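*Asks:* Here is my input; please provide its structure:
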Amino acid sequence: MGAQIRVYRQKIKSTSSMKKIFKAMELIATSRVLKARDRAQASTPYAEAITRAVAAVAGQGEIEHVLTQKAESPRRAAVLIMSSDRGLAGAYSTNVIKRSEQLLARLKEDGIEARPYLYGRKVQQFYDFRDREYDGVWSGSTDKPEVARSQEIGRTLVNRFTQGTDQDGVDEIYLVYTQFESMVSQDPVVRRLLPLSVAKETDEAGGYVPQYDFEPNPADVLDELLPRYIESRIFSAMLEASASELAARQRAMKSAGDNASELIEKYTRLRNNARQAEITQELSELIAGADALAS
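*Replies:* This is a model prediction of the structure:
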């Protein structure tokens, strides 16, 4: 019995230590998710403004541009998948990977070769463990996105798109990330970044698109605006994913802390039962010994 009691005491001690870690991580995630949510909301006006600017330029007559032309028979697509760098966030990374696998399966059915680009160590580990190839990877800042990183990713994808499939380029670019709806709701979504559908983006932005004169010409203006537009969309998705990751981690750590409390109560009850059984056994032995001496 004594050995059993020591085992329960050790389990209670170790579970209590884990509970403290879970609580600390929950508090950190709670404090950071508010800032991440504010950053995501603050990026919205810029994204809407550059969307209106792109719509204004592309709406000036019949403008042919490489970033707005859709291939008749797409042969290759780049897929940027956004996960987290760290675990302990519940099913956050698993859900976005599952959503990306659905997209890859659909592209394969359509006869389109998918070229993955990975953002976050979790999705990189997923691909490395299965010896699957990918064309690019970025990590180290998923919970606190940086503008420079989004610009680097944007340039990489735009350059791959402008190369053309004959030069190992791609016809389409997709983005898979987790959209932040609320503290309790985050949904993995798929967005097609390129080729750009101007009419659709105009409807999403809303409002009246004014008419302008562009110098030197609208096509050159698009050359400057569209890459910035893609970078802003990627950065906005990074901010949404960051807020989603922290919200998922906050919920996961709260659930883990609650489970730890239940385990502590369970082990405490079992330890008390073992102690009571030990006391009962010792009393029984004393009584039996006393009866033996009396007889």
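*Asks:* quick one: low-confidence parts of this structure?
*Replies:* 1-2, 55, 58-69, 71, 165, 197-214, 291, 293-295 (pLDDT under 70).
*Asks:* which residue is nearest the middle of it?
*Replies:* In the chain, the centroid-proximal residue (Cα atoms, centre = their mean) is Ser83; its distance is 3.8 Å.
*Asks:* which residues touch that one?
*Replies:* Applying Cβ atoms under 8 Å, 6 or more residues apart in numbering to Ser83 gives the contacts 92-93, 96-97, 118-123, 126, 142. Every C-beta, even on glycine, is put in place using the N, C-alpha and C of the backbone.
*Asks:* Arg233 touches Ala47, doesn't it?
*Replies:* Yes. Arg233 lies in contact with Ala47 (Cβ atoms under 8 Å); the separation is 6.8 Å.
*Asks:* which residues sit in contact with Ser150?
*Replies:* Ser150 makes contact with 231-232, 234-235, 238 under the criterion Cβ under 8 Å, 6+ apart.
*Asks:* how about the nearest residue to it, chain neighbours excluded?
*Replies:* Phe235 (3.7 Å; Cβ to Cβ, 6 or more residues apart in numbering).
*Asks:* how many neighbours does that neighbour have?
*Replies:* As a burial measure, Phe235 scores 24 neighbours (other Cβ atoms under 10 Å).
*Asks:* in terms of contact, does it touch Ala148 like I think?
*Replies:* No. Between Phe235 and Ala148 there is no contact under Cβ under 8 Å: 9.9 Å.
*Asks:* rewinding a little: quick one: which of Arg233 and Ala47 has more around it?
*Replies:* Shown here are Arg233 and Ala47; by other Cβ under 10 Å, Arg233 has more neighbours (22 against 15).
*Asks:* element containing that one, please.
*Replies:* Element membership of Arg233, judged by DSSP states H and E, is helix 218-294.
*Asks:* how far out from the middle of the chain is that helix?
*Replies:* 20 Å (Cα atoms, centre = their mean, to the nearest Å).
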